[in-house]
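Q: make a model of this:
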Amino acid sequence: MTAGSFLHVELVEPEIHWNTGNVGRTCLALGAQLHLVEPLGFSLDERQVRRAGLDYWPRVNPRIWPSWAEFEAGLPTLGQPFFFATGGSRRYWDASFPKPSVLIFGRESVGLPAELLARFSNDLWHIPMMPGAIRSLNLSTSAALAMYEVSRQWNAASLGVSS
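A: The predicted structure follows:
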């Protein structure tokens, strides 16, 4: 079975189409399903997608959600959520990602909304960085790191290798 049967990546109100396109490309590479919560900071019409050089975008086939509330209502059917935030208290490489899992990321400029950070404070994960080096990593880089950690764990588990 591919990761796509079990791995979901959610971008909450993404602002930059190139980042979303890169996340979509990584989803294709791993067989994951991309989800987008509106409002989006860009258009997904065919002309705009083509202009951004996203020739693979039709194969990404993202699931678009009109609001966080609607996505959250469907979340129990998708898997266990993991919210990524620079202020998360736990390192993502310490997580044990079950099948299925949902990796949730916020906007490029501000991350996840404060309301979600407060409500899901026990489910916040971060990607470790050198103290004071930078504020955060690029959204598509962060999503790729998390997706590949999930893939590493699941592939190791299927081979009987401990993570």
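
Q: which helix or strand lies directly C-terminal to the helix or strand of the chain with the lowest mean pLDDT?
A: Within the chain, no helix or strand scores below helix 46-51, which has a mean of 68 by mean pLDDT, DSSP states H and E. Using DSSP states H and E, the next helix or strand after helix 46-51 towards the C-terminus is helix 57-60.

Q: and Met129, helix, strand or coil?
A: Classification of Met129 using DSSP: H, G, I helix; E, B strand; the rest coil returns coil.

Q: who's in contact with Gly41?
A: Gly41 sits next to Glu13, Pro14, Glu15, Ile16, His17, Arg107 when contact means CB atoms under 8 Å, 6 or more residues apart in numbering. Every C-beta, even on glycine, is put in place using the N, C-alpha and C of the backbone.

Q: and those residues, which of them are in strands?
A: Assigned to strands by DSSP state E, none of these qualify.

Q: among those residues, which ones are buried?
A: In terms of neighbour count (16 or more other CB atoms under 10 Å), the buried residues within these are Glu13, Pro14, Glu15, Ile16, His17, Arg107.
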